[in-house]
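# Provided below are the primary sequence and the corresponding predicted coordinates.
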Amino acid sequence: MRAVVIDKPGVVVIRDFPEPVPRPGEVVIDVRVCGFCGTDLHIFRGEYLGEYPVRPGHEASGVVSAIGEGVEDFRIGDRVAVEPNIHCGECAMCRSGRGNFCENWTAIGVTLPGCLAEKVVAPARQVFDLGDLTFEAGAFMEPLSCCLHGMKKIAPVDGQDVLIIGAGPIGLLLLQLAKIGGPKRVTVTDLRERRLALAKQLGADAAIRAHKDVSLTPPSPGGRGDEEGYDVVIDASGSVGAIAQTVELARPGGKLLWFGVAPRGRTFPIEPFEIFRKGLSIHGAFTSLGNSVEAVELLRSGRVRTEPLVSHRLPIGAFARAAELVESAPDVLKVILNPDSSG
């Protein structure tokens, strides 16, 4: 079978490998589609602390083609999605309900052979049935799971003014989850007009161009005092400059979710007194934590839409092109790679 291999930073090839054979408790999946993620880009560009070579890809769906001993929940031909983050279930972090910080963490597409291949092997407990959901929608299970984990940190948003900075695929998923929570108003800001237009289509009450143009006064503050700002501020951009604004953008008692992945080593000044004065809570959200079933249910219900988020479809041989698009193309959203395509 063919698979993408990142031999070292900036060097990617397609290689042939023996087809995987499932061990007890595992299944083999014929990959139909795999999303290109920022993590794939970081690994490709050398922003990865592990060892090379790496076989990337972790946002995937496909069809079960082989089943290992002891697997009872799946049959050959089942349509499934993969949760790539594997927790041991035995370390102190796992036992305390923080499996996303598992001391023995491994991940398909990072430390284990990934889904940018014609076939991938996964523990059956990491695989989730898609039913009649499309494969492309199923490939969003993993990023949506991560977004659900983040939103639970700042819930509830019922009746609140919410600001989301960044309208890329993750920001647009967070927007849809925020709308489900019954907010008073959701405002989205981004640098690109196309993304802002899409945010409006997906339910944003206001879409404002560029971070610097964000108004500190949300419409209809509801008589909750004269202090300007938003009840909930979510950064989905990863821009250090944008994250630095979030403290100023929040009103007293507000919640901040720093969801976007900022570059390692970048910092910004912060005034602790403002956190104290406003009584702010600041949250991060690392990967997901048991959110896959809920993600699939939301996708199947249509309450979270993914088809407008796909801007490019490429064969797996175009991995380097996908990286270029994600880094620089003005019209890019989610890039989907297809192992069945030529190239």
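Great, that's in hand.

# Report the secondary structure state of Val332.
With DSSP: H, G, I helix; E, B strand; the rest coil as the basis, Val332 sits in coil.

# Please verify my assumption that it contacts Leu314.
No. Using CB atoms under 8 Å as the test, Val332 is too far from Leu314 to be in contact (11.3 Å). For every residue, glycine as well, the C-beta is placed using N, CA and C.

# What ranges in the stretch 101-250 of the chain fall below the confidence cut-off?
210-227 (pLDDT under 70).

# Helices of that one, start to end?
Ranges of helices within the stretch 101-250 of the chain are 135-138, 141-154, 169-180, 193-201, 240-249, based on DSSP state H, counting those that start in this stretch.

# out of Val332 and Leu314, which sits in the busier spot?
Using other CB atoms under 10 Å as the criterion, Val332 and Leu314 rank with Val332 on top: 20 against 17.

# Run through the residues that contact the residue nearest to the more buried one when sequence neighbours are not counted.
Once flanking residues are discounted, Val332 sits nearest to Leu325: 4.7 Å by CB to CB, 6 or more residues apart in numbering. The contact partners of Leu325, by CB atoms under 8 Å, 6 or more residues apart in numbering, come to 312, 332, 335.

# With just CA atoms, put the helix or strand hosting Leu325 into PDB.
Using DSSP states H and E, Leu325 maps to helix 319-328. C-alpha atoms of helix 319-328 as PDB (Å, rounded to 0.1, in the frame of the first residue of the first chain):
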ATOM      1  CA  PHE A 319       0.900  16.700   0.400                       C
ATOM      2  CA  ALA A 320       3.400  19.400  -0.200                       C
ATOM      3  CA  ARG A 321       0.900  21.300  -2.200                       C
ATOM      4  CA  ALA A 322      -1.600  21.000   0.600                       C
ATOM      5  CA  ALA A 323       1.000  22.500   3.000                       C
ATOM      6  CA  GLU A 324       1.500  25.500   0.600                       C
ATOM      7  CA  LEU A 325      -2.200  26.100   0.300                       C
ATOM      8  CA  VAL A 326      -2.700  26.100   4.100                       C
ATOM      9  CA  GLU A 327       0.200  28.500   4.600                       C
ATOM     10  CA  SER A 328      -0.500  31.000   1.900                       C
END
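
# Now do that helix against helix 169-180, angle only.
If you take axes from the mean of the first three to the mean of the last three CA atoms, to 10 degrees, helix 319-328 sits at 60 degrees to helix 169-180.

# in helix 319-328, what counts as buried?
319, 321-323, 325-326 (16 or more other CB atoms under 10 Å).

# ok, then the element right after it?
Next along from helix 319-328, by DSSP H and E: strand 334-338.

# Quick check: which helices or strands does that next one pack against?
Counting contacts by 3 or more CB pairs under 8 Å, 6 or more residues apart in numbering; DSSP states H and E, strand 334-338 packs against strand 26-35, strand 310-315, helix 319-328.

# Given it, what are its sheet partners and their directions?
If you go by DSSP bridges, strand 334-338 pairs up with strand 26-35 (antiparallel), strand 310-315 (parallel).

# Could you pull up the contacting residues of the residue lying closest to Val293 once chain neighbours are set aside?
Closest residue to Val293 apart from its sequence neighbours, by CB to CB, 6+ apart: Phe128 at 6.6 Å. Contacts for Phe128 (CB under 8 Å, 6+ apart) come out as 80-83, 141, 292-293, 296.

# Hmm, Ser61 is touching Val80, no?
Yes. The pair Ser61 / Val80 is scored as a contact, 6.6 Å apart, by CB under 8 Å.

# Please enumerate the shared neighbours of those two.
What both Ser61 and Val80 touch, as defined by CB under 8 Å, 6+ apart, is the set 130, 138.

# So which of the two has more stuff around it?
Neighbours were counted for Ser61 and for Val80 using other CB under 10 Å; Ser61 has more, 28 against 25.

# State the paired neighbours of the helix or strand where the more buried one lies in the sheet, together with their directions.
According to DSSP H and E, Ser61 maps onto strand 59-67. Partners of strand 59-67 in the sheet, by DSSP bridges, are strand 26-35 (antiparallel), strand 79-82 (antiparallel).
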